[in-house]
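Student: fold the following.
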Amino acid sequence: MTDTGSNIETLRSELPPSVRLIAVSKTKPVKYIIEACNAGQKCFGENRVQELLDKKDNVPSDVEWHLIGHLQTNKVKYVVPFISMIQSVDSLKLLNSINAEASKINRVVNCLLQFHIAREESKYGFSMDEIEGIIKTDGFGDLNFVRICGVMGMATFTDDYNQIRKEFRHLRMCFEMLKSGYFNSDTCFREISMGMSGDYKIAVEEGSTMVRIGSLLFGERLK
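Tutor: Numbering: from 1, shown residues only. Purely as a prediction, here's the structure:
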């Protein structure tokens with residue numbers, strides 16, 4: 001077995017059954033994805049649309065792709081036909097664009113609402129007030145080709161684990177508030193995507209249902 005395959009099996013053995021592993025393959029060549037597939041991994045995350053498009057036709061057809069990076073509205077049309085989930089929905093404009101493009105091909109697209117939970121201003125995402133404002137608008141109920149499946153967030157890049165835990169706990173609280181207030185009867189609204197290679201154990205302790213792991217599986221990121 002390759003190192004990638006061994007890393008996949010090791011990490012899977014550490015994760016609870018309730019937590020789904022999203023293998024982040026950004027900057028990695030297709031051969032790494034094939035090795036992961038051979039170890040039984042089917043869900044992969046990419047940051048950039050062009051890189052995703054370059055890879056998708058060169059891997060097994062049953063791979064499930066998650067878009068986890070900032071998505072520009074002018075690129076939505078390229079991923080809507082095949083994407084399994086867009087985890088990085090960070091604006092009403094983007095929600096509307098996804099819905100419009102998906103309606104053209106009569107496909108419902110799974111999405112997560114990205115929250116800004118980190119101290120870095122450079123990270124994207126909503127605040128709770130912004131999300132509630134969007135949900136309460138008349139047009140939100142007309143987004144028939146978007147399926148909101150939960151929330152996503154990225155913690156501050158820091159060695160302060162207390163800060164990271166606080167941010168993950170806040171995201172869990174946002175999820176619970178949305179679930180009880182707006183999505184209580186929606187069985188699809190169940191995902192909390194948080195945790196990466198350096199902080200996934202804390203994320204799992206705080207209720208993550210999806211972890212996005214790259215370097216622990218594939219090695220350090222290629223430039």
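Student: what about A118, distance to N47?
Tutor: Noted for A118: a distance of 16 Å to N47, by Cβ to Cβ, to the nearest Å. Yep, even glycine has a C-beta here, placed from its N, CA and C like the rest.
Student: my guess is I131 meets Q114, correct?
Tutor: No: I131 lies out of contact with Q114 (Cβ atoms under 8 Å); the separation is 10.0 Å.
Student: which one's more surrounded, the two?
Tutor: Regarding I131 and Q114, a neighbour count based on other Cβ atoms under 10 Å identifies Q114 as having more, with 27 against 21.
Student: please, which helix or strand holds that one?
Tutor: Taking DSSP states H and E as the criterion, Q114 maps to strand 109-115.
Student: which parts of the helix or strand following that strand are buried?
Tutor: Going down the chain from strand 109-115, the next helix or strand is helix 128-135, by DSSP H and E. Of the residues in helix 128-135, those with enough neighbours to count as buried (16 or more other Cβ atoms under 10 Å) are E130, I131, I134.
Student: helices of the protein, start to end?
Tutor: If DSSP state H is used as the criterion, the helices of the chain fall at 3-14, 30-38, 49-56, 76-79, 92-104, 128-135, 161-181, 200-205, 215-218.
Student: confidence score at the spatially most central residue of the chain?
Tutor: With distances taken as Cα atoms, centre = their mean, the residue of the chain nearest its centroid is Q87 (3.4 Å). As predicted, Q87 sits at a pLDDT of 98.
Student: ok, it touching L113?
Tutor: No: contact status for Q87 versus L113: not in contact, 9.3 Å apart, counting by Cβ under 8 Å.
Student: what do the two both touch?
Tutor: Residues touching both Q87 and L113 (Cβ atoms under 8 Å, 6 or more residues apart in numbering): M152.
Student: was I right about V146 contacting L92?
Tutor: No: applying Cβ under 8 Å, one finds V146 not in contact with L92, separated by 11.2 Å.
Student: what sits against Q163?
Tutor: With Cβ under 8 Å, 6+ apart as the criterion, the residues that contact Q163 are R119, A155, T156.
Student: if we ignore the residues flanking it in sequence, what's nearest the last one?
Tutor: Same thing as T156. Of all residues beyond its chain neighbours, the one nearest T156 is A118 (4.2 Å), with distances taken as Cβ to Cβ, 6 or more residues apart in numbering.
Student: where does the prediction get shaky in this protein?
Tutor: Within the chain, the segments meeting pLDDT under 70 span 1, 221-223.
Student: at 80 what do you get?
Tutor: 1-2, 120-123, 220-223 (pLDDT under 80).
Student: and F145, how far is that from A203?
Tutor: Using Cβ to Cβ, which is the criterion applied here, F145 is 30 Å from A203.
Student: comparing the two, which shows the higher neighbour count?
Tutor: Neighbours per residue (other Cβ under 10 Å) separate F145 from A203, with A203 holding more: 27 against 18.
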